[in-house]
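S.K.: Pasted the sequence and its predicted model underneath.
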Amino acid sequence: MKKQIEKIVKKPAKPGMVGDGFRVYNYIPGTGIAQQRISPFLMLDFNAAYDFGASDHIRGVDVHPHKGFETVTISYKGSLAHHDSAGNSGVINPGDVQWMTAGSGILHKEYHEESFAKKGGLFEMVQLWVNLPKKDKLTKPHYQALTKDNITSVSLPGNAGVVNVIAGEFDGTKGAAATYSPLNVWDVKLRKGGEVKFDLPVTCNTALLMINGSAVVNDEEASEHSFVLFENEGEQITIKATEDAVILVLSGQPLNEPIASYGPFVMNTQQEIMESINEYQAGKFGVLA
Ligand code: MN
């Protein structure tokens, strides 16, 4: 049975700034899509393609904490860099994904990569927050640096395009990321006229974001930058691109656990949030200049 569409949300009217380097449209939860409704996904910020201009000033967001979930940064255009209180650092180039498990708590900085900042050019990225199950919230912070080369890519029949399996599994091909709960994150690229079919369980919360281009999704038109939320009813999704398209597909088993959320801390109870704030203020997440 065809998966029913609950709603198609247009791009929010205005972007917000995260620091001075991320000009983002917030789709989750900003467009009224509650965190429990789309669990295990907690947040989706989309920096639609934007040129900040060449600058010697490195744009970005200064030292800040995260605890209790994972941040997933997908670069489509432009390069960003990060470093953290555990001594890790890295660069995320187009096609790369950084999967950071903040777990028990970390401090980091995220900013435009220096040579990219100096040159300027289009910057296009997504940051997704993925919740951790209660039993894994205090896991030791760590990273999975997924590069364009180690993200498995499945070619679609008829030269229709590709599905890059960032996480989960598509058509028998397992994704690059290890996850704490069953979920799919797919970077789908379709040529104009290309078609792809997905079969996703009714129990999974499922949505997609039209990063570029437009498509017909189960007979409804999804324009560029629109976000399609599916009902938990039916399994089949057919996407036919009406122009070259880049689509981010998200699907996951809901965690069905309480969410207590305060800024960059996402726990299960208000008590745990208070403890997290205290730990942060006591310097327990480490030090970062
Ligand atoms: Mn961050």
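M.R.: On my side now, so go ahead.
S.K.: roughly how far is stretch 28-44 from the heart of the chain?
M.R.: Relative to its chain's centre, stretch 28-44 lies at 12 Å (C-alpha atoms, centre = their mean, to the nearest Å).
S.K.: tell me which residues in it are buried?
M.R.: 28-29, 31, 33, 35-44 (16 or more other C-beta atoms under 10 Å). From N, CA and C alone the C-beta is placed, and that goes for glycine too.
S.K.: So for it, mean pLDDT?
M.R.: Averaging pLDDT along stretch 28-44 yields 97.
S.K.: longest helix of the chain?
M.R.: Longest helix of the chain, by residue count under DSSP state H: helix 270-281.
S.K.: gap between it and the chain center?
M.R.: On C-alpha atoms, centre = their mean, the centre of helix 270-281 falls 25 Å from that of its chain.
S.K.: If you count contacts, what does that helix end up packed against?
M.R.: Secondary-structure packing of helix 270-281 (3 or more C-beta pairs under 8 Å, 6 or more residues apart in numbering; DSSP states H and E): strand 260-262, strand 265-267.
S.K.: For the last one, which outside residues touch it?
M.R.: Which is strand 265-267. 42, 65-69, 129, 131, 137, 259-261, 273, 276-277, 280 (C-beta atoms under 8 Å, 6 or more residues apart in numbering).
S.K.: Tell me which of the helices and strands packed on helix 270-281 sits nearest to Gly90.
M.R.: Comparison of the helices and strands packed on helix 270-281 against Gly90 by C-beta to C-beta identifies strand 265-267 as nearest, at 23.1 Å.
S.K.: Give me the neighbour count for Leu107.
M.R.: Applying other C-beta atoms under 10 Å, we find 21 residues neighbouring Leu107.
S.K.: Just the pLDDT at it, thanks.
M.R.: Leu107 is assigned 97 on the pLDDT scale.
S.K.: Can you name the helix or strand that it falls in?
M.R.: strand 106-112 (DSSP states H and E).
S.K.: Give me the sheet partners of that strand and which way each runs.
M.R.: Paired strands of strand 106-112, with direction, are strand 60-66 (antiparallel), strand 80-84 (antiparallel) (DSSP bridges).
S.K.: what about the helix or strand following it, average pLDDT?
M.R.: Per DSSP H and E, the first helix or strand lying C-terminal to strand 106-112 is helix 114-119. Taken as a whole, helix 114-119 has a mean pLDDT of 97.
S.K.: what comes up buried for helix 114-119?
M.R.: Phe116, Ala117.
S.K.: which other helices and strands contact that helix?
M.R.: Judged by 3+ C-beta pairs under 8 Å, 6+ apart, helix 114-119 has no packing partners among the helices and strands.
S.K.: Quick one: distance of it to the chain centre.
M.R.: 24 Å.
S.K.: Backbone dihedrals for the most centrally placed residue in the chain, please?
M.R.: For the chain, Leu128 is the residue whose C-alpha lies nearest the centre (C-alpha atoms, centre = their mean; 2.7 Å). Dihedral pair for Leu128: phi -120, psi 140, per degrees, to the nearest 10.
S.K.: so what's it up against?
M.R.: With contacts defined as C-beta under 8 Å, 6+ apart, Leu128 is in contact with Phe41, Met43, Leu44, Asp45, Thr71, Val72, Thr73, Ile74, Val185, Leu250.
S.K.: can you put the helices and strands packed on helix 270-281 in TSV and add mean pLDDT?
M.R.: Below are those laid out as TSV (pLDDT from 0 to 100):
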stretch	mean pLDDT
strand 260-262	97
strand 265-267	98
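S.K.: Distance to Phe22 and mean neighbour count added to these, as TSV?
M.R.: Below are the helices and strands packed on helix 270-281 laid out as TSV (distance: least, C-beta to C-beta, whole Å; neighbours: other C-beta atoms under 10 Å):
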stretch	distance to Phe22	mean neighbour count
strand 260-262	20	16
strand 265-267	19	24
